[in-house]
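Trainee: Test case, fold it:
(2 chains)
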Amino acid sequence: MNNASTWQLISCIMRRDLAVALRRRSDIINPLLFVVIVVTLFPLAVGPGPDILGRIATGVIWVAALLSALLGSERLFRDDFLDGSLEQLVLLPAPLPALALGKIIVHWLLSGLPLVILAPLCALLLKLPVDAWGVLMLTLLVGTPMLSAMTAVGAALTVSLGRGGALLSLLLLPLFIPLLIFAAAAVESTLVGTSAYGQVLLLAGLMLLTLTLAPLAVAAAIRVSVN
Amino acid sequence: MSVVLEAQQLTSVRAGRTLFSDLSWQLAAGEILHIEGPNGAGKSTLLRIVAGLLQPLEGNVLLFGQPQREDPEHWQRQTLFIGHKPAVKAELTALENLQFQSRLDGVTLDDPWQLLETVGLLGLEDIPAQQLSAGQQRRIALARLFYSQAKLWILDEPFTALDTRGIDLLHQRFAEHLEHGGALLLTSHQPLTWSGERLQRLRIEAADE
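Mentor: All right, here's what the predicted structure looks like:
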């Protein structure tokens, strides 16, 4: 008889995922390097004038963040699927959406959070006015959990397809559009001197909605994938 | 003997092909059910239905008289399923795999080293599982059986990649499990060195269209 509580199971799954991820550090570091490199390419392409760069900085950083979210996304459930851990996950005596949320949180800790920390460096490289750094980081802080959650849905749907990489990108990028619009609008309004409060709150609301619904979708997709 | 598991008129259709239909059987405490059949006959499908990974097209599976669908969580607490894939994390060592897996199974290992010795992995505990052989990875997965308190074990080809000593060890462990009133459902292409009334055989053949 397995008497483990739901909470024990979730924390164990999260700790195992973290332990596995820390053994493959390149999977964590490569998407971050990708962001930095994309950001450094822009001054070379559009010229180093601070007025142009400052204006496009938010867009560049956010688009780079979206693309980097796609980089490792295929791997999110792939290894678990291949080694059989995914079917054991379904068989754990705990609600599958709760376990899925645990996996989303670990994914965010390893992909979204480092991006938030990296944001000032990117902002500096693109000469974003210092007043807007805080709002940029705030939009990343509330936006990246959404990226992780939506990526998880797409990854769970395509995990059994073998090569779902391109399909996954096509599936996910349109879903990121609202996120991009509100994040860019928040930083923009700070730059023109008005409050970004509304946009950030909207983003936070979207984040809560995504984090509530995505685990249910992930759980349903996992059940289909292990069949 | 009390009935642990009962299948009632199970029918399964996969990819438009009827694998089995109207399959009914009972498994009592202390018994083994060995499912036989050619490749593609639906042995794994049957096991996955019993484990709760798949839904049968028709029919019911009951554990201690309780239908599976009524309380899947309760079902999962009482059963242990090990499939083709070992569910061993390639990046983690044998010891770490055992520690995480046992916690997921709701068991606190007092002495993981003892368990490693039992399954013949002592001395290999700090090597990532991806560098171990298929048989050794299999042993990591099967170590679950040596602490499991689950009443029903569902094992899909447990002897794959194991050497003769490993197979003997597994047979011993099965005997202990049955002594304690457990039940066992397995598929295997290898002949079971089991005799007596405890062993039931169920042969399934894919129905020809």
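
Trainee: Name all residues that make contact with A:Val142.
Mentor: Taking CB atoms under 8 Å, 6 or more residues apart in numbering or on different chains, we find A:Val142 in contact with A:Val200, A:Leu203, A:Ala204, A:Met207. (Each C-beta comes from the backbone N, C-alpha and C, glycine too.)

Trainee: Buried residues in the one helix or strand it maps to, which are they?
Mentor: Applying DSSP states H and E as the criterion places A:Val142 in helix A:133-158. By 16 or more other CB atoms under 10 Å in any protein chain shown, the buried positions in helix A:133-158 come out as A:133, A:135-158.

Trainee: where does chain A dip in pLDDT?
Mentor: By pLDDT under 70, the low-scoring segments of chain A are A:1.

Trainee: repeat that with 90
Mentor: A:1-5, A:27, A:46-55, A:69-76, A:160-169, A:171, A:193, A:196, A:226-227 (pLDDT under 90).

Trainee: Would you tell me which residues of it are close to chain B?
Mentor: Contacts of chain A with chain B, taken as CB under 8 Å from any CB of the partner chain, map to A:1-4, A:8-9, A:12-13, A:15-16, A:19-20, A:23-24, A:79, A:82-85, A:87-88, A:90-94, A:226-227.

Trainee: run the last query once more with 7 Å
Mentor: By CB under 7 Å from any CB of the partner chain, the residues of chain A that approach chain B are A:1-4, A:9, A:12, A:16, A:19-20, A:23-24, A:83-85, A:87-88, A:90-93, A:226-227.

Trainee: Buried ones among those residues?
Mentor: Neighbour-count burial (16+ other CB under 10 Å) applied to these gives A:2, A:4, A:9, A:12, A:16, A:19-20, A:23, A:83-85, A:87-88, A:90-93, A:226.

Trainee: Chain A: helices as residue ranges?
Mentor: Taking DSSP state H, the helices of chain A run over residues A:6-23, A:25-46, A:50-71, A:75-83, A:85-90, A:96-125, A:133-158, A:165-172, A:177-191, A:197-225.

Trainee: Now tabulate those in CSV and tack on distance to B:Gln66.
Mentor: Shown next, in CSV, are the helices of chain A (distance: least, CB to CB, whole Å):
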stretch, distance to B:Gln66
helix A:6-23, 21
helix A:25-46, 43
helix A:50-71, 43
helix A:75-83, 29
helix A:85-90, 19
helix A:96-125, 20
helix A:133-158, 30
helix A:165-172, 40
helix A:177-191, 45
helix A:197-225, 21
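
Trainee: Out of those helices, the one nearest B:Gly166 is which?
Mentor: Nearest to B:Gly166, of all the helices of chain A, is helix A:75-83, at 19.8 Å by CB to CB.

Trainee: For the residue in chain B that chain A sits nearest to, which non-adjacent residue is closest in space?
Mentor: At 2.7 Å from chain A, B:Lys85 is the closest residue in chain B, using CB to the nearest CB. Leaving aside its sequence neighbours, B:Lys85 sits nearest to A:Gly84 (CB to CB, 6 or more residues apart in numbering or on different chains; 2.7 Å).

Trainee: Show me how far the helix ranked longest in chain B is from its chain's centre.
Mentor: Looking across chain B with DSSP H, the single longest helix is helix B:164-179. Its chain's C-alpha centre and that of helix B:164-179 lie 13 Å apart, by CA atoms, centre = their mean, to the nearest Å.

Trainee: Could you pull out the buried residues of it?
Mentor: Those would be B:Gly166, B:Ile167, B:Leu169, B:Leu170, B:Arg173, B:Phe174, B:His177, B:Leu178, for helix B:164-179 by 16+ other CB under 10 Å.

Trainee: Spatially, which two of those residues are the most separated?
Mentor: Longest span within these, CB to CB: B:Gly166 and B:Leu178, 18.9 Å.

Trainee: Quick one: residues contacting the closest residue to chain B within chain A.
Mentor: In chain A, the residue that lies nearest chain B is A:Gly84 (2.7 Å; CB to the nearest CB). Counting by CB atoms under 7 Å, 6 or more residues apart in numbering or on different chains, A:Gly84 touches B:Gly83, B:Lys85, B:Pro86, B:Ala87.

Trainee: Could you rerun that using 8 Å?
Mentor: A:Gly84 makes contact with B:Gly83, B:His84, B:Lys85, B:Pro86, B:Ala87, B:Val88 under the criterion CB under 8 Å, 6+ apart.

Trainee: Which parts of chain B are strands?
Mentor: Taking DSSP state E to define them, one finds strands in chain B at B:3-14, B:17-28, B:32-36, B:58-63, B:66-67, B:79-82, B:152-156, B:183-187, B:199-203.

Trainee: Spell out which residues of chain B are next to chain A.
Mentor: B:51-54, B:73-74, B:76-79, B:81, B:83-92, B:96, B:100, B:103-107, B:128, B:149-151.

Trainee: if I look at B:Gln200, how far off is B:Ala7?
Mentor: Distance from B:Gln200 to B:Ala7, counting by CB to CB, to the nearest Å: 12 Å.

Trainee: The closest residue to B:Trp113 other than its chain neighbours and B:Val88, how far apart?
Mentor: Distance criterion CB to CB, 6+ apart; nearest residue to B:Trp113, sequence neighbours excluded, is B:Leu122 at 6.9 Å. B:Leu122 sits at a distance of 17 Å from B:Val88 (criterion: CB to CB).

Trainee: So between those two, which is more surrounded?
Mentor: Legend: neighbour count by other CB atoms under 10 Å in any protein chain shown for B:Leu122 and B:Val88, higher for B:Val88 (23 against 14).

Trainee: helices or strands up against the worst-scoring helix or strand of chain B on mean pLDDT?
Mentor: Least confident helix or strand, chain B: strand B:199-203 with a mean of 83, by mean pLDDT, DSSP states H and E. For strand B:199-203, the packing partners by 3 or more CB pairs under 8 Å, 6 or more residues apart in numbering or on different chains; DSSP states H and E come out as strand B:17-28, strand B:32-36.

Trainee: still on that earlier bit, list buried members of the residues of chain B next to chain A by neighbour count.
Mentor: B:51-54, B:76-79, B:81, B:83, B:85-92, B:96, B:100, B:103-107, B:150-151.

Trainee: one step back: CSV for the contacts of A:Val142, including neighbour count?
Mentor: Formatted as CSV, the contacts of A:Val142 follow (neighbours: other CB atoms under 10 Å in any protein chain shown):
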residue, neighbour count
A:Val200, 23
A:Leu203, 25
A:Ala204, 17
A:Met207, 19
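
Trainee: quick one: which of these is nearest A:Asp51?
Mentor: A:Val200 (25.2 Å).
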